[in-house]
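Asker: using only what follows, build the 3D model:
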Amino acid sequence: MIPSAMMTGPQKITTPHDMDEAAVVEHMRHLKAEFGKKLVILGHHYQRREIVELADFRGDSLELCRAAANQDDAEIIIFCGVRFMVESARILARPRQRVYHPNARAGCPMADMANAPLVEKAWRDLEQRGLHGSTIPVTYMNSDADLKAFTGRNGGIVCTSSNATKVFEWAFARGERIIFYPDEHLGRNVANSMGIESLIYDPREPLGGLTEDEFRNAKVLLWKGFCHVHTHFTTAHIDEAREKWPDVYVMSHPECTQEVIGASDFAGSTSQMCRKVAEAPAGATFAIGTEINMIHRLAFEHADKNVHTLSRSLCPNMYRVNLYNLYDTVRDLENAPQVILPDDVMRDGKLALDRMLAINL
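Answerer: Residues are numbered from 1 along each chain as shown. Model (predicted):
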């Protein structure tokens, strides 16, 4: 049950949008204390600093996926991130738990690039050539629940940027080829690191734009999709950073192009980059190619280090979640829409997510 103080609804407090941020934070902390362990707020690294500071758990997609799966005491889970993350939390949460998204408009353009009709068309290309039985679908966490469910019922698995290499190894132990959705750059960078050739499959072209031989012989088929936040970065940005800060350590997210990854000193997930900064000695200088909110927060939290962005790149969908819609959700849960998914999507999506979680224990 929600605290009795919440049952009276929003009339007991000032309309949130008439308050400044400090007042909203104060009210949020009061409400969190009332709920206690019944309420858990999950905050992705790309959220604004004020959101992350209110979160019970912060992390990358894998860490928050695990956190959602391990909330025994919570009755309410609020995920501050984009839609695919919240859907994954719903899939992994207990049936009795309620899952909320502060702003349902916070989607992901890259996830939208792999919609169900296109994915089914690509699978038919494999089926018509008798290749589907030896192909393992691997789906990046940055995908809608429908794609995770498709992956689960076809023997596949989900990955994140921090565990993609392990997941590729898992898949190749079970099949001859991988079809990887929906980010071509993460898939290519992982394949490159393993010395495996990969080819782009463009779902809008006949046979993905490949010849019959290319399609049949490809070890890794990369779905044609990308994250605009990370394809923003170029090697010119890295050259400029090295000229400006000669001792700079350049880090880039694996969703960046292979050219940017090749010119960087380190490529890793958001949490891996956070750890690099935290463990570095005072005075260390970093230039980071990822979403700007995380970089700003790292600079704030590690004032003894020099943390810069390669170039400002904002995720507008992550930015849709703010203090006010988070507060509106918590203060009036009875009227806030829950995240609900069809039973078959829940079942099959959980297969794919559980396979990922099992190889990371």
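Asker: which SS state does the residue lying closest to Arg83 once chain neighbours are set aside fall under?
Answerer: Leaving aside its sequence neighbours, Arg83 sits nearest to Gly107 (Cβ to Cβ, 6 or more residues apart in numbering; 4.8 Å). Where C-beta positions appear, they are placed from N, C-alpha and C, glycine not excepted. Look at Gly107: counting by DSSP: H, G, I helix; E, B strand; the rest coil, its state is coil.
Asker: Gly107: what's it in contact with?
Answerer: Gly107 makes contact with Val82, Arg83, Phe84, Asn317 under the criterion Cβ atoms under 8 Å, 6 or more residues apart in numbering.
Asker: who wins on neighbours among these?
Answerer: Val82 (27 neighbours; other Cβ atoms under 10 Å).
Asker: ok, that one to Gly175 distance?
Answerer: Computed as Cβ to Cβ, to the nearest Å, the Val82 to Gly175 distance reads 30 Å.
Asker: just Glu21 next, same as before
Answerer: 50 Å.
Asker: when the two are compared, which one has more neighbours?
Answerer: Gly175 (19 against 12).
Asker: related to what we said a few turns ago, just the contacts of Gly107 now: which is nearest Val99?
Answerer: Arg83 (11.7 Å; Cβ to Cβ).
Asker: Pro109 is in contact with that closest one, correct?
Answerer: No - contact criterion Cβ atoms under 8 Å: Arg83 and Pro109 do not qualify, at 11.2 Å.
Asker: got any residues that touch both of those two?
Answerer: If you check Arg83 and Pro109 against Cβ under 8 Å, 6+ apart, no residue is contacted by both.
Asker: what's around Thr235, how many residues?
Answerer: Counted with other Cβ under 10 Å, Thr235 comes out at 13.
Asker: ok, it - contacts?
Answerer: Contact analysis of Thr235 by Cβ under 8 Å, 6+ apart lists Glu259, Val260, Ala263.
Asker: can you put the residues you listed in CSV and add pLDDT and secondary structure?
Answerer: As requested, the contacts of Thr235 are exported to CSV (pLDDT from 0 to 100; DSSP: H, G, I helix; E, B strand; the rest coil):
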residue, pLDDT, secondary structure
Glu259, 98, helix
Val260, 98, helix
Ala263, 98, helix
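Asker: show me the strands in the protein, by range?
Answerer: Listed in chain order, the strands of the chain (DSSP state E) span 39-44, 57-59, 76-80, 98-100, 135-140, 157-159, 177-181, 198-201, 220-223, 249-252, 266-267, 285-289, 306-309.
Asker: turn those into CSV, including distance to Asp146, mean neighbour count and mean pLDDT.
Answerer: Output for the strands of the chain, formatted as CSV (distance: least, Cβ to Cβ, whole Å; neighbours: other Cβ atoms under 10 Å; pLDDT from 0 to 100):
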stretch, distance to Asp146, mean neighbour count, mean pLDDT
strand 39-44, 21, 25, 95
strand 57-59, 24, 21, 90
strand 76-80, 18, 26, 95
strand 98-100, 17, 21, 95
strand 135-140, 10, 26, 98
strand 157-159, 13, 29, 97
strand 177-181, 11, 27, 98
strand 198-201, 18, 20, 98
strand 220-223, 14, 26, 98
strand 249-252, 30, 22, 98
strand 266-267, 29, 18, 98
strand 285-289, 30, 25, 98
strand 306-309, 34, 19, 98
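Asker: distance to Ala236 added to those strands, as JSON lines?
Answerer: Putting the strands of the chain into JSON lines (distance: least, Cβ to Cβ, whole Å) gives the following:
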{"stretch": "strand 39-44", "distance to Ala236": "28"}
{"stretch": "strand 57-59", "distance to Ala236": "31"}
{"stretch": "strand 76-80", "distance to Ala236": "33"}
{"stretch": "strand 98-100", "distance to Ala236": "42"}
{"stretch": "strand 135-140", "distance to Ala236": "27"}
{"stretch": "strand 157-159", "distance to Ala236": "30"}
{"stretch": "strand 177-181", "distance to Ala236": "28"}
{"stretch": "strand 198-201", "distance to Ala236": "24"}
{"stretch": "strand 220-223", "distance to Ala236": "25"}
{"stretch": "strand 249-252", "distance to Ala236": "13"}
{"stretch": "strand 266-267", "distance to Ala236": "18"}
{"stretch": "strand 285-289", "distance to Ala236": "12"}
{"stretch": "strand 306-309", "distance to Ala236": "14"}
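Asker: ok, which of the ones you listed comes nearest Asp332?
Answerer: Per Cβ to Cβ, nearest to Asp332 of the strands of the chain: strand 98-100, 10.7 Å.
Asker: tell me the phi and psi of the closest residue to Pro137 other than its chain neighbours?
Answerer: Excluding the flanking residues, the one nearest Pro137 by Cβ to Cβ, 6+ apart is Gly156, at 3.5 Å. For Gly156, the backbone dihedrals are phi -100, psi -170 (criterion: degrees, to the nearest 10).
Asker: residues touching Gly156, list them.
Answerer: Ile136, Pro137, Val138, Thr139, Phe150, Ala171, Ala352, Arg355.
Asker: mind redoing it with 6 Å?
Answerer: Gly156 makes contact with Ile136, Pro137, Val138, Ala352, according to Cβ atoms under 6 Å, 6 or more residues apart in numbering.
Asker: identify the farthest-apart pair in these.
Answerer: So, the contacts of Gly156 by Cβ to Cβ: farthest apart are Ile136 and Ala352, at 10.9 Å.
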